[in-house]
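Peer 1: Quick check, what structure comes out for this input:
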Amino acid sequence: MPISSDLSNPRNSVTKTARYDKVVNIPNSMTVLDELVPISIEMARRNCGGIWNFTNPGVISHNETLEMFRDYINPKFEWKNFHT
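Peer 2: Coordinates of the predicted model:
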C-alpha cells in the first residue's frame, strides 16, 4: 500500500483509509514512497536491471495508521471498525 507525504493524493493509503466509513483493522505492508522513489531513481541512473519489488519492512495495522493520522494531523479525527 503506497504512503506519501502528499495527503491530498486520493491514492495515498492514509488518505484512502481515513475516508472509509468503517475500517477493517488488519496488518498490511506499506511502501513509503518518499523513501523509495529517490532510491529507484538512483538505481535507474546506475542501470540496475530486473524486477524491483519495493516495500518497507514489517507491517502496520489500519488502526495504527489512523492513530498516527489523528495524533499528528487531525486530533479530532475518529473512525469505526468493522466487528467480526
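Peer 1: Give me the longest helix you can find in the chain.
Peer 2: Criterion DSSP state H: the longest helix present in the chain is helix 33-45.
Peer 1: For that one, give the mean pLDDT please.
Peer 2: Taken as a whole, helix 33-45 has a mean pLDDT of 89.
Peer 1: Now the element after that helix, going C-ward?
Peer 2: Downstream of helix 33-45, the next assigned helix or strand under DSSP states H and E is strand 60-61.
Peer 1: immediately after that next one, which helix or strand?
Peer 2: Assignment by DSSP H and E places the next element after strand 60-61 at helix 62-72.
Peer 1: May I have that following helix exported as CSV, CA atoms only?
Peer 2: Taking C-alpha atoms only, helix 62-72 is exported to CSV below (Å, rounded to 0.1, in the frame of the first residue of the first chain):
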residue,chain,number,x,y,z
HIS,A,62,-5.0,0.2,9.7
ASN,A,63,-5.8,1.3,13.3
GLU,A,64,-2.1,2.1,14.0
THR,A,65,-2.0,4.2,10.8
LEU,A,66,-5.2,6.1,11.7
GLU,A,67,-3.9,6.6,15.3
MET,A,68,-0.8,8.3,13.9
PHE,A,69,-3.0,10.3,11.5
ARG,A,70,-5.1,11.5,14.5
ASP,A,71,-2.0,12.2,16.7
TYR,A,72,0.0,14.1,14.0
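Peer 1: list the helices and strands that helix packs on?
Peer 2: With contacts taken as 3 or more CB pairs under 8 Å, 6 or more residues apart in numbering; DSSP states H and E, helix 62-72 sits against helix 13-19, strand 22-23. Where C-beta positions appear, they are placed from N, C-alpha and C, glycine not excepted.
Peer 1: tell me the mean pLDDT over the first one?
Peer 2: Confidence over helix 13-19 (mean pLDDT, whole number) is 91.
Peer 1: which parts of that helix are buried?
Peer 2: 13, 14, 15, 17, 18 (16 or more other CB atoms under 10 Å).
Peer 1: give me the number of residues near residue 67?
Peer 2: Around residue 67 there are 14 other residues, counting by other CB atoms under 10 Å.
Peer 1: just the one 3 residues further on next, same as before
Peer 2: Burial of residue 70, expressed as a neighbour count using other CB under 10 Å, amounts to 15.
Peer 1: Much appreciated, bye for now.
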